[in-house]
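> Sharing a model prediction with you, sequence too.
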Amino acid sequence: NFGVPGLGLKRGLSENRVIAPYATGLASMIDPAAAVENYQRLRSIGACVRYGFFEALDFTPSRVQSGSNVAIVRSFMAHHQGMTIVAILNCLRDGLMRSRFHREPCIQACELLLQERMPRDVAIGHPRAEEVRESASVNASEANTVRHIKVAMDVEPTTHLLSNGRYTVMLTATGTGYSRWGNFAITRWHSDPSCDNSGSFILLRDVETAKSWSSTAQPFTSSGGEFTPCVFSEDHARFMKIDGNLTTTMDVLVSGEDDGEVRKIAISNQGHFSHEIELTSFAELVLATAANDNAHPAFAKMFVQTEFNQEYKAIIATRRKRSADDADIWLGHFAIIEGEITAEPQYETSRAEFIGRGNNLVNAQAMTLTSCSSSKKLSNTVGCVLDPILSLRYRIKVPAQGAVNIAFWTVVASSKEKLIAMIDRHHDANAYDRAKTLAWTQAQVQLRHLGSEYTEVADFQRLAAPILYADPRFKASSADIIKGIKCQSELWAQSISGDLPIVLLLIDDIEDIAKVKQLLRAHEYWRMKCLAVDLVIINEHPSGYMQDLHNAIETAVRSSQSRPSFNHDYLAEQSIGAVHVFRADMINSGTRDMLHAIARVVLVARHGFINKQFFLRTAKTRKHALTSMLNQQPRTLNTNTPLPKAHLPELEFFNGLGGFADNGREYVIRLHNGECTPAPWLNVIANPRFGFHVSAEGSGYTWSENSRENQLTTWSNDAVSDPIGEIAYVCDKDSGEIYTATAQPLQDKGSYIIHHGFGFSRFKHQVSGLSLDLLHYVPLDDAIKISRLTIHNESGRKRRLSVTAYVEWVLGTSRSTADCFITSSLDTNSNTILLHNRWGMAFPERVAFVDMAGAQTAWTTDRSEFLGRNGSKAAPRALSQQVSLSGTVGAGYDHCSALQTNIELADGESREVIMFIGQGDCEQHALELVSNYRQRDLDEVFAGVQNHWQTLLNKVQVKTPDRAMDIMLNGWLMYQTIACRIWARSSFYQASGAYGFRDQLQDGMAITLSQPAITRAHILRAAGRQFVEGDVQHWWLPHSGQGVRTHISDDRVWLALATANYI
């Protein structure tokens, strides 16, 4: 610094310690030797480069990165460079430039002004005492924006947001999270407080030892080693794992100048021998809005196209535009290696090739071992891959007592030309250091703009976690949620959509106005991090003539800073949330209760600032212990050798996995030794108002009234992993082994026999001396799914077993959006679990139920309790550790239902366990359905279903020279037309729930002879969707009439043709 800070008019100048190299140049005219010495010191610090000395060196601790004592301002100002050159020239040439200056006539005319005598009486100014005593150091805790987070698998997620205002990365302490560019989701992520296993990952394998691990705790939770506390700073996040002699460190940051992120892996080897390490990046690619991706994932994936650029060894991906109005988006993924590469790089963009059918990331086929202890080679697949990912693989040598670095970059742009230029700019080892410096600089600028202390923004980061992952500790009580929750549309009168998470602040005293201002700063901070939140402030102060508190709140809101604007025209305007202020006396109690019930975070101003309220909430413990699932493995049948194949009856058209039986009325599949079907082979089972579909592996979902708008359980069209949401577990209470009759979610090396028939599906499996037989069907008229599990003991000894019926509920269109609003209750008279989603707009009054025909003795509706934090359906914590279910019902947490009963079987004994899933028009109707089917003869119900379909399908029979055609025409095509196309309007690929004008007219024509009443009903239904102008609704939802009006010409043609065909 130069000058005397204490004499300055501005206070606090001494707190800044900034060294300007050009000041040294000016000082050279006074003390040349000292100037030369100082220039040498500056050069040793790194202040001098090719173009000369940088602009400044900032030694102020509050603005210096952690682990460094200086921040170099890497810029050049021409006038400062000119001043330096002139000063040095004056020093070397005895004031030559100064002499030239004074030879100018205009300067000579003014020289008398420079000869003014010094006044005799001079007022002497002394530096202020506080400035003299003040050092340039700042409290070390303020100089650090770092949070050290213990990596624990048994606690609620801790999140961290990194953003440059356009591109955002969210990370959790276990390494999961998302990447987004404006409104575009770059990678796939679901808010799952229990399992939380989606994000971008770096997977590693030691070629010599064949040991695999990940740079973060997820996804390889059982890979061993020790994770040190992760570091969350304003500009980066750091994860470190120590395993023997190898230490893996990953730094993640978002570029401050370009839209992208970098994950830099550093591997250090403290041993005496070198290691060959394979590094594989993995992320599921979206390139669409999260809402579009969630609504129809398989359809959204179809438009992503990939290629590989050989020059930069980069994966390039884009989304093909469906209309001219769609925004352009291009993505590049590449790696910069600082070390010795020992094998040819590999790449993959097809998730099906990487994961493998029936697998997930934990057991992905691309990570399976080959004979040489390395992973299976990536296929280098690009193009229209239908299910896109980003994956690069490099094998590098880590020398003894040495280290290597590899930086995985992901960048996005609005055109291919801009993307290539961006890749070229970052295709250098120094690009990471530049990005790190700029990210740190931008973080300091944002904080200064916000006017917040470092400790305060750390609190804003902490509070983002319960916004992103619903946490019951920050929400209203279960009773208040049940009392207040209503249909989403009830909020619209208050100009609140309900689509964004809500943070609610209750205030009743003007003394607490500082808490309002702090929360407004938090809201703007979340905007900077592209986290969209609606902030609702309710003034609970008693009404009166003077409205000091309300005026103060509105003044604070008006003066709060606005979010940084996007600087790219091609990015869509984000839904960034708003601030809503209400007076308690001006809104009705129902609206206040509703806001209280649906808020993700409820804060009370009189309880203190955010940090105090956060720690008060996190000090609460869940009423059940969340035992860590780290290193927890399912205890299933312990065998490494395949078991004998189960016998199959004689099948027609057997293809190695399945064939037709019972004269074509059943399709029988055998899955043996880990086999799965090439794609999910499923059966759609329905009546006119209710149904489900189930695949050969046992996955599927259940709906009521409408297969899209009222999904009772989770629907997925993931043809690779095909996740399951309804499971019947059998647990041996003596050995702890867990079995299922279906191949999902845990498949042993035995045989699974599946029978898909008209109106039913049956699953058979023999394991550990037990014969399991699971039958699914629905009655002809009622909204109830009947599942009957028969267990036969063939083990030669007595068996003590528990049977658990597990269900993941939706009660809407998407689990991620509906789960927060599900409420559950127990009917004490029947022990039936009832579930309700009054938030849903399509069917808010309907009540779902789950029951074990009254045999349940324990239950819970808390998914985190049953699965465990970071648990899995292959090894539920409650079963793996044989923990008693708590009986939890209520609201505000991650919902499921797990009903359990215990049975004892003597050798040779059989027992049937019955499970019901369904929905009633109201609570009373739901309980009536349960009571009715507890008493009914279920064999008679099943026989009625079989007789119904046989009668219906036998009405029209054909015989051709082609047996395969006969089987399809005389049963399966007609069955699928009625059950799947007309009643369900759902299948694996799409759950639409809608009538298509021409689609169902075509389907109706196929059943005109066998079911003319159905054909006639739909002709009239379709005619009712035609407008007087002649055009029609191309599709519509029957319960609301919502749909699209188009001018597709052949719709009307099919109406005429179907009518003529019927007549």
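Received the coordinates, thanks. A quick note: this is a predicted structure, and the numbers were derived from the prediction, not measured.
> Just to check, residue 910 is in contact with residue 792?
Yes: at 4.4 Å, residue 910 counts as touching residue 792 under the criterion of C-beta atoms under 8 Å. To be clear about C-beta, it is placed using only N, CA and C from the backbone, and glycine gets the same treatment.
> Settle it for me: which of the two has more neighbours?
Using other C-beta atoms under 10 Å as the criterion, residue 910 and residue 792 rank with residue 792 on top: 17 against 12.
> Any stretches of the stretch 501-650 of the chain with poor pLDDT?
Along the stretch 501-650 of the chain, segments meeting pLDDT under 70 span 545-546, 561-575, 620-642.
> And the strands in it, which stretches?
502-507, 534-539, 579-583, 601-604 (DSSP state E, counting those that start in this stretch).
> now those as CSV including mean neighbour count and distance to residue 106?
Shown next, in CSV, are the strands of the stretch 501-650 of the chain (neighbours: other C-beta atoms under 10 Å; distance: least, C-beta to C-beta, whole Å):
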stretch, mean neighbour count, distance to residue 106
strand 502-507, 23, 65
strand 534-539, 24, 61
strand 579-583, 18, 59
strand 601-604, 22, 67
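> could the ones you listed be laid out in a markdown table, adding distance to residue 341?
As requested, the strands of the stretch 501-650 of the chain are arranged in a markdown table below (distance: least, C-beta to C-beta, whole Å):
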| stretch | distance to residue 341 |
| --- | --- |
| strand 502-507 | 48 |
| strand 534-539 | 49 |
| strand 579-583 | 52 |
| strand 601-604 | 48 |
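> Can you say which of those strands is nearest to residue 664?
strand 502-507 (55.6 Å; C-beta to C-beta).
> Which residues does the closest one contact?
463, 467, 496, 513, 515-516, 519, 523, 533-541, 549, 553, 595-596, 598-606 (C-beta atoms under 8 Å, 6 or more residues apart in numbering).
> buried stuff in the longest strand seen in the chain?
Longest strand in the chain by number of residues (criterion: DSSP state E): strand 275-289. For strand 275-289, a neighbour-count test (16 or more other C-beta atoms under 10 Å) marks 275-289 as buried.
> Kindly report the same for stretch 102-113.
Quick answer for stretch 102-113: no buried residues (16+ other C-beta under 10 Å).
> And it, end to end?
One end of stretch 102-113 sits 13 Å from the other (C-alpha to C-alpha, to the nearest Å).
> for the stretch 1-150 of the chain, what spans make up the helices?
With DSSP state H, counting those that start in this stretch applied, the stretch 1-150 of the chain shows helices at 21-27, 32-45, 78-92, 96-103, 105-108, 129-133, listed in chain order.
> how about these in a markdown table, adding mean pLDDT and distance to residue 898?
Shown next, in a markdown table, are the helices of the stretch 1-150 of the chain (pLDDT from 0 to 100; distance: least, C-beta to C-beta, whole Å):
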| stretch | mean pLDDT | distance to residue 898 |
| --- | --- | --- |
| helix 21-27 | 90 | 68 |
| helix 32-45 | 91 | 62 |
| helix 78-92 | 91 | 70 |
| helix 96-103 | 88 | 86 |
| helix 105-108 | 86 | 91 |
| helix 129-133 | 54 | 65 |
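> which of those helices sits most buried?
Between those, helix 21-27 has the highest mean count of neighbours, a mean of 20, where neighbours are mean count of other C-beta atoms under 10 Å.
> That one packs against which elements?
helix 32-45, helix 78-92 (3 or more C-beta pairs under 8 Å, 6 or more residues apart in numbering; DSSP states H and E).
> Can you tell me the closest non-neighbouring residue to residue 766?
Nearest residue to residue 766, sequence neighbours excluded (C-beta to C-beta, 6 or more residues apart in numbering): residue 750, at 6.3 Å.
> ok, the one you found - contacts?
637, 643, 646, 672, 673, 765, 766, 767.
> Apply 7 Å and report the result again.
The neighbours of residue 750, taking C-beta atoms under 7 Å, 6 or more residues apart in numbering as the test, are 643, 765, 766, 767.
> Buried ones only from those, please, as a ChimeraX command.
Burial among those is assessed by 16+ other C-beta under 10 Å; the matching ChimeraX selection reads:
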select :765,766,767
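> Now, the contacts of residue 750 that are in strands?
765, 766, 767.
> how about the nearest residue to residue 762, chain neighbours excluded?
Leaving out its chain neighbours, the residue that sits closest to residue 762 by C-beta to C-beta, 6+ apart is residue 755, at 4.2 Å.
> And the one you found, how far from residue 876?
Taking C-beta to C-beta, to the nearest Å as the measure, residue 755 falls 27 Å from residue 876.
> So between the two, which is more surrounded?
Per other C-beta under 10 Å, whichever of residue 755 and residue 876 has more neighbours is residue 876, with 27 against 20.
> okay, now residue 733: neighbour count?
15.
> For residue 160, which non-adjacent residue is spatially closest?
On the basis of C-beta to C-beta, 6+ apart, the spatially nearest residue to residue 160 that is not a chain neighbour turns out to be residue 232, at 4.1 Å.
> Beta-bridge partners for the one you found, please?
On the basis of DSSP bridges, residue 232 is bridged to residue 147, residue 237.
> Just the pLDDT for it.
pLDDT, residue 232: 95.
> Next up, the contacts around it.
The contact partners of residue 232, taken as C-beta under 7 Å, 6+ apart, are 146, 147, 149, 160, 461.
> Could you double-check that the third one lies in contact with residue 174?
To tie it back to what came earlier, the one meant is residue 149. No: under the criterion of C-beta atoms under 7 Å, residue 149 makes no contact with residue 174, lying 9.8 Å away.
> So for these two, which sits in the more crowded spot?
More crowded of residue 149 and residue 174, by other C-beta under 10 Å: residue 174, with 28 against 19.
> okay, now the residue lying closest to the more buried one once chain neighbours are set aside: neighbour count?
Using C-beta to C-beta, 6+ apart and skipping the chain neighbours, the partner closest in space to residue 174 is residue 217 (4.1 Å). By the other C-beta under 10 Å criterion, the neighbourhood of residue 217 contains 24 residues.
> can you pull the contacts of residue 217?
151, 153, 174, 175, 227.
> Buried ones among these?
If we count by 16+ other C-beta under 10 Å, these have these buried: 151, 153, 174, 175, 227.
> Can you tell me which one of those residues sits lowest on pLDDT?
Least confident of the buried ones among the contacts of residue 217 in the model: residue 153, at 82.
> Phi, psi for residue 824 please.
Here the main-chain torsion angles of residue 824 (degrees, to the nearest 10) amount to phi -130, psi 150.
> hang on, isn't it packed against residue 889?
Yes: using C-beta under 7 Å, residue 824 is in contact with residue 889, at 4.5 Å.
> Tell me which two in the contacts of residue 217 are the farthest apart.
Top of the distance list for the contacts of residue 217 (C-beta to C-beta): 153 and 175, 11.3 Å.
> in the protein, which ranges drop under the pLDDT threshold?
Those would be 1-15, 62, 66, 116-145, 371-374, 545-546, 561-575, 620-642, if you go by pLDDT under 70 across the chain.
> ok, the residue nearest the centre of it - contacts?
By C-alpha atoms, centre = their mean, the chain has its centre lying nearest to residue 189, at 2.2 Å. The neighbours of residue 189, taking C-beta under 7 Å, 6+ apart as the test, are 177, 178, 198, 199.
> Not counting sequence-adjacent ones, nearest residue to the last one?
Sequence neighbours aside, residue 176 is the residue nearest to residue 199 in space, at 3.9 Å (criterion: C-beta to C-beta, 6+ apart).
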